[in-house]
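Colleague: Quick one, what's the 3D model for this:
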Amino acid sequence: MPSLTSHHLTAQRRRTMKTAIIGTGLMGSAFAEALLRAGHDVTVYNRSAEKTVPLAALGATPVATAAAAIHAADAVIFVLADGASLETMLASDDARAALAGKRLLNASTTSADEIEKLAAIVTAHRGALAEASIMVGPDQLRDGSSFFILGARDEDQAFWTDLLGNIGGQVQVAGGVGDASRAEIPILIASVFGNVAASYAAAMTMRMGLPQDMSRQLIEAALPASAHMLDNLFARDYDTVMASVDSFTTVARTAADAARTLDMDASVFDAMGDLYTRAAANGYAQKDGTAIAEILSEPIQGAR
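Modeller: Predicted coordinates for the structure are as follows:
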């Protein structure tokens, strides 16, 4: 894999662009807000239209279909749950007809194989798909202290580096499409361990009847990035989605595949994948990954 190349953008290079965000969950909304703050025109689409209402109040333009969002923009950014969601969206005739001449960026959780397959579909319809791994949470993305790993064709790297740097981000260019997903694997491993650790800690806190305020302080001290997770966990409300159960299933399986490729023990990732699969089977597939706490809280038959 090529070495990572870092890029910072100055204010002098900033220019207004017609952009679109497709998928306005927690991260997609933060991305849209960052683009609006930087002065760009922003079109937004979400399958649940009510999630675009707060962005409309900030100046974004909601549209009724993904195809309409693609038509409206010069730079289209997908922030969906996973690669399967993006593939489904791109399967419609209207969406595919809108791809010609468009630059698109996938910021959804995908494996290298998935993004390479999707890029081939987009290329077949005369568009160009790049990928960006977002290495910060929504608050940092929103306020302009972002960090991205970019994978794109050589001819598209400057375009996406300019736009991502334009919203206050540092951009590391990993290479071509697929290389950002490969570079992201160690970080994804850390994220899935963090999600499982926070979920276990909160589930045990509630099972033992410990004071939640005290436990929250202790868990956050050990897991500094757990604040959003603990909000969901202690409320037992998983509708605010940072990364879905299905996304973490993909992460765990991707990590397991990578470990096997490197002749490393993959059993821990297999166990995590099974845990997220159980959560999905219990109706939590599109809920936040912390919903695994509900599975962890179930008594084990014969447990002592």
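
Colleague: got the buried residues for stretch 117-124?
Modeller: Leu118, Ala119, Ile121, Val122 (16 or more other Cβ atoms under 10 Å). Backbone N, C-alpha and C define where each C-beta goes, glycine included.

Colleague: Widest-spaced pair of those residues?
Modeller: Ala119 and Ile121 (7.3 Å; Cβ to Cβ).

Colleague: any common contacting residues for those two?
Modeller: With Cβ atoms under 8 Å, 6 or more residues apart in numbering applied, the contact sets of Ala119 and Ile121 do not overlap.

Colleague: picking that back up, inside helices: which ones of the buried residues of stretch 117-124?
Modeller: Assigned to helices by DSSP state H, the following of those qualify: Leu118, Ala119, Ile121, Val122.

Colleague: wait, which of those residues is closest to Ala221?
Modeller: For those, the nearest to Ala221 is Leu118 (39.8 Å; Cβ to Cβ).

Colleague: and the closest one, what does it touch?
Modeller: Gly83, Leu86, Glu87, Leu90, Asn106, Thr110, Leu129.

Colleague: Among the residues you listed, name the buried ones.
Modeller: Gly83, Leu86, Leu90, Asn106, Thr110, Leu129.

Colleague: and His125, how far is that from Ala72?
Modeller: Distance of His125 to Ala72, given as Cβ to Cβ, to the nearest Å: 17 Å.

Colleague: Between the two, which is the more surrounded one?
Modeller: Using other Cβ atoms under 10 Å, the more surrounded residue of His125 and Ala72 is Ala72, with 19 against 15.

Colleague: Ala20 is in contact with the more buried one, correct?
Modeller: Yes: with contact defined as Cβ atoms under 8 Å, Ala72 reaches Ala20; the gap is 5.9 Å.

Colleague: Now list whatever residues contact both of these two.
Modeller: Jointly contacting Ala72 and Ala20 under the rule Cβ under 8 Å, 6+ apart are Thr43.

Colleague: quick one: Val177 and Ala98, what's the gap?
Modeller: Counting by Cβ to Cβ, the gap from Val177 to Ala98 is 20 Å.

Colleague: Likewise for Ala190?
Modeller: To Ala98, Ala190 is 36 Å away according to Cβ to Cβ.

Colleague: So between those two, which is more surrounded?
Modeller: Here Ala190 and Ala98 are compared on neighbour count by other Cβ under 10 Å; more neighbours surround Ala98, at 24 against 11.

Colleague: my read: the more buried one touches Ala67, true?
Modeller: Yes: with contact defined as Cβ under 8 Å, Ala98 counts as touching Ala67 (4.6 Å).

Colleague: pull the CA atoms of stretch 55-74 into CSV?
Modeller: Extracted C-alpha coordinates of stretch 55-74, given in CSV (Å, rounded to 0.1, in the frame of the first residue of the first chain):
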residue,chain,number,x,y,z
LEU,A,55,-30.3,20.9,8.4
ALA,A,56,-32.9,22.7,6.3
ALA,A,57,-33.2,25.2,9.2
LEU,A,58,-29.5,25.8,8.9
GLY,A,59,-29.7,26.5,5.1
ALA,A,60,-29.5,23.1,3.5
THR,A,61,-31.9,22.1,0.7
PRO,A,62,-33.7,18.8,1.3
VAL,A,63,-34.7,16.7,-1.7
ALA,A,64,-37.0,13.7,-2.1
THR,A,65,-34.7,11.2,-3.7
ALA,A,66,-31.0,10.2,-3.8
ALA,A,67,-31.0,10.8,-7.6
ALA,A,68,-32.2,14.4,-7.1
ALA,A,69,-29.3,15.0,-4.6
ILE,A,70,-26.8,13.6,-7.1
HIS,A,71,-28.2,15.7,-9.9
ALA,A,72,-27.9,18.9,-7.8
ALA,A,73,-24.3,18.6,-6.8
ASP,A,74,-20.7,18.7,-8.1
